[in-house]
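*Asks:* Fold the following and give me the result.
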Amino acid sequence: MKINSLTYIDSYRNWKISKMNFADLSLLVGVSGVGKTQTLRAIVGLRNVILNGEALNGVSWELNFSINEKNYIWAGEFEKVENECVIFKRLTKKAKEKNDEIVFPKIKSEELRIDNKIVVKRDQKELHINGKKSFKISPYESAIKVFSEEQIVTPIVQEFRNIYFFNLDDESHRYIRERGFEEFNNRCSDIEKLKSVRLPILLKLGIASRCHKKIFESIKKTYIEIFPKVEDFRFVKIKDEDGESLFTFEIREKNTEWISQKEISTGMMKTLLFISKIMLCANGSVIIVDEYENGLGINCIDVVADLLMENKERVQFIISSHHPYIINRIPMQYWKIIYRDGSSVDSKTAEELGIGRSKHEAFKQLINNTLINEGAF
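*Replies:* Predicted coordinates for the structure are as follows:
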């Protein structure tokens with residue numbers, strides 16, 4: 001899958017993202033507050049509409065993406081509900097029973113085109129699938145979610161499962177329960193199965209250490225290139241306070257004993273998780289990272305930037321940063337300069353801003369550009 005472009009309007013919060021195009025690698029650059037994070041979260045929010053049945057109050061959108069050389073345009077609009085009790089998650093009977101005041105935004109319209117042919121068209125009165133009127137469905141959920149088992153829709157749902165919003169902080173200190181380890185270890189004996197399944201990154205790495213030695217050793221080699229004091233790393237079984245068996249990660253540096261997972265620095269753990277995520281994700285995945293330099297040391301940036309460049313043909317990266325060293329490491333043709341005109345988030349390429357040809361010249365022009373320095377009009 002590849003996300004080609006996004007247009008997004010949030011009438012509830014009164015802001016919008018003007019049509020933004022994405023490449024195999026898109027580095028969103030701009031000062032704080034111009035909309036980089038909002039753009040990334042908008043993509044993740046639309047993913048959750050399909051996968052989790054979530055509703056986005058007052059949001060209208062158009063997402064253009066490709067799957068296996070087919071072009072898809074998915075557009076729609078949720079109503080705007082002026083109510084402080086609005087919640088944005090899936091409608092459930094229990095939620096309604098607990099609080100009758102809860103209001104869920106309904107879908108006003110939805111359309112899906114495949115290679116410019118309308119296959120789903122919906123308003124608040126009728127739903128048509130392939131030109132034929134269909135039965136009524138929940139007004140709170142996307143038709144893509146409801147018809148996820150249908151042949152024409154299934155590829156979309158499968159590919160949206162491979163859109164990852166990468167939060168390194170959430171993963172850094174997880175342990176692997178033996179029960180889960182053994183269960184998924186048996187199910188993921190095939191490397192492509194391991195790459196495609198949605199699991200915590202550390203669990204994937206643990207499975208790779210047992211069943212897929214080649215890729216495990218490749219991850220280890222890359223990690224040691226960044227941290228040359230590290231000689232080895234491994235997973236070992238321990239017992240928690242309740243006697244439950246867990247697998248934990250350890251590293252060994254030169255002339256030291258094994259260092260347990262809880263004693264490893266945050267930066268070292270985040271770097272490991274980032275490398276593992278890239279190397280253990282399925283072809284066609286979309287990896288979204290907000291300010292990916294957070295927690296990564298200067299010594300990590302070169303190797304991680306090289307990994308992005310090496311893998312961009314098989315994995316799409318949409319990342320944000322305002323770290324000068326990172327921006328300078330990514331070729332300028334992948335920059336998306338983000339700025340804000342009032343409540344509208346807009347973007348320009350380096351070429352559109354007339355930024356120079358050489359990397360050094362381009363970076364100097366970028367940091368001196370009025371648009372990047374002021375960020376908003």
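*Asks:* what does the average pLDDT come to for the longest helix seen in the chain?
*Replies:* When the chain is parsed with DSSP state H, its longest helix is helix 36-52. Helix 36-52 comes out with an average pLDDT of 95.
*Asks:* same deal with stretch 152-161?
*Replies:* Mean pLDDT, computed over stretch 152-161, is 94.
*Asks:* for it, which positions count as buried?
*Replies:* V153, I156, V157, E159, F160, R161 (16 or more other CB atoms under 10 Å). Every residue, glycine included, has its C-beta placed from N, CA and C.
*Asks:* Arrange those in a markdown table, one row each, with secondary structure as further columns.
*Replies:* Formatted as a markdown table, the buried residues of stretch 152-161 follow (DSSP: H, G, I helix; E, B strand; the rest coil):
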| residue | secondary structure |
| --- | --- |
| V153 | coil |
| I156 | helix |
| V157 | helix |
| E159 | helix |
| F160 | helix |
| R161 | coil |
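*Asks:* Between all of those residues, which two are at the greatest distance?
*Replies:* For those, the farthest-apart pair by CB to CB is V153 and R161; their separation is 13.1 Å.
*Asks:* next SSE after the longest helix of the chain?
*Replies:* strand 59-67 (DSSP states H and E).
*Asks:* N64 and I73, how far apart?
*Replies:* 5 Å (CB to CB, to the nearest Å).
*Asks:* cool, N52 as well?
*Replies:* N52 is 22 Å from I73, by CB to CB.
*Asks:* tell me which element the residue in the chain sticking out farthest from the centre falls in.
*Replies:* Distance from the centre of the chain peaks at N255, with 38.6 Å (CA atoms, centre = their mean). N255 is part of no helix or strand, with elements assigned from DSSP H and E.
*Asks:* quick one: it and F233, what's the gap?
*Replies:* N255 is 16 Å from F233, by CB to CB.
*Asks:* May I have the phi/psi pair for G33?
*Replies:* Phi and psi for G33, reported as degrees, to the nearest 10, are phi 90, psi 0.
*Asks:* Also W335?
*Replies:* Dihedral angles for W335 - degrees, to the nearest 10 - are phi -80, psi 140.
*Asks:* burial of it, as a residue count?
*Replies:* Here the count is done by other CB atoms under 10 Å, and W335 has 27 residues near it.
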